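S.K.: build me a model from this:
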Amino acid sequence: MNIRDCFEAGDWGYVIEASILNPLHDLRFPETGKLLLRVDTGFSGPIVVTGDVFEFLRLPDIEVPEDIRPTYRTLAGAMTMRSAMAIVEADSKQVETDILTPLQGPGKLLIGCQVLKELELALLEKKTCFVSIDHSKASASSCL
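M.R.: Take a look at the predicted model:
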């Protein structure tokens, strides 16, 4: 395993740096640099953002119809999400995925297992690191 870029864990857990792109409108968030997404291995979904980020990227223009919005179970109960396809860019990879924001209430900036499984990451003590793995020698791991 070759360790590359690492990010120190914050008070609220492991994080990675990424950008979110809406290629339909040629928009990127943030416009320059990267944002910190909390790594949530207990969340089976893709990426959750705040309503402000969802609006900035003009994702309401392409969001899924109301009757097929996804619902996720949380500790606070069922939460219906607004959802639109976009691209997350992390570790020089682009992953097409759903971007979610809560229908009601504030969102958070987090990345779930649906996208984490597309990236090669290691959670090391108080750091999250992008890694290169020799797949012929690697053992399978689970996000949850």
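S.K.: just the element for the spatially closest residue to Lys34 that is not a sequence neighbour, please.
M.R.: If the residues on either side of it in the chain are set aside, Lys34 comes closest to Glu17, at 3.7 Å by Cβ to Cβ, 6 or more residues apart in numbering. C-beta here means a position set from N, CA and C on the backbone, and glycine is covered the same way. In the assignment (DSSP states H and E), Glu17 maps to strand 15-22.
S.K.: that strand pairs with which strands?
M.R.: Here strand 15-22 is paired, per DSSP bridges, with strand 27-29 (antiparallel), strand 35-39 (antiparallel), strand 77-90 (antiparallel).
S.K.: list of residues touching it?
M.R.: 5, 7-9, 27-30, 34-39, 47, 49, 53, 57-59, 62, 84, 86-91, 94, 99, 111, 119, 121, 128, 130 (Cβ atoms under 8 Å, 6 or more residues apart in numbering).
S.K.: quick one: neighbours of the closest residue in space to Leu103 that isn't next to it in sequence, just the number.
M.R.: Ranked by Cβ to Cβ, 6+ apart and with sequence neighbours excluded, the top spatial neighbour of Leu103 is Thr80, at 4.5 Å. Neighbours of Thr80 under the rule other Cβ atoms under 10 Å: 14.
S.K.: same question, Thr71
M.R.: The burial count for Thr71: 10, using other Cβ under 10 Å.
S.K.: still on that earlier bit, was I right about the residue nearest to Leu103 contacting Glu66?
M.R.: No: using Cβ atoms under 8 Å, Thr80 is not in contact with Glu66; the gap is 9.3 Å.
S.K.: what touches both of the two?
M.R.: What both Thr80 and Glu66 touch, as defined by Cβ under 8 Å, 6+ apart, is an empty set.
S.K.: just the buried members of the contacts of strand 15-22?
M.R.: 7, 9, 28-29, 37-39, 47, 49, 53, 57-59, 84, 86-88, 90-91, 99, 111, 119, 121, 128, 130 (16 or more other Cβ atoms under 10 Å).
S.K.: for stretch 110-128, how far is the first residue from the last?
M.R.: 14 Å (Cα to Cα, to the nearest Å).
S.K.: for the lengthiest helix in the chain, list the C-alpha coordinates in CSV.
M.R.: Looking across the chain with DSSP state H, the single longest helix is helix 51-56. Taking C-alpha atoms only, helix 51-56 is exported to CSV below (Å, rounded to 0.1, in the frame of the first residue of the first chain):
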residue,chain,number,x,y,z
GLY,A,51,-29.1,23.4,0.7
ASP,A,52,-26.8,26.4,-0.2
VAL,A,53,-24.4,24.1,-2.1
PHE,A,54,-27.3,22.3,-3.8
GLU,A,55,-28.6,25.7,-5.0
PHE,A,56,-25.2,27.1,-6.0
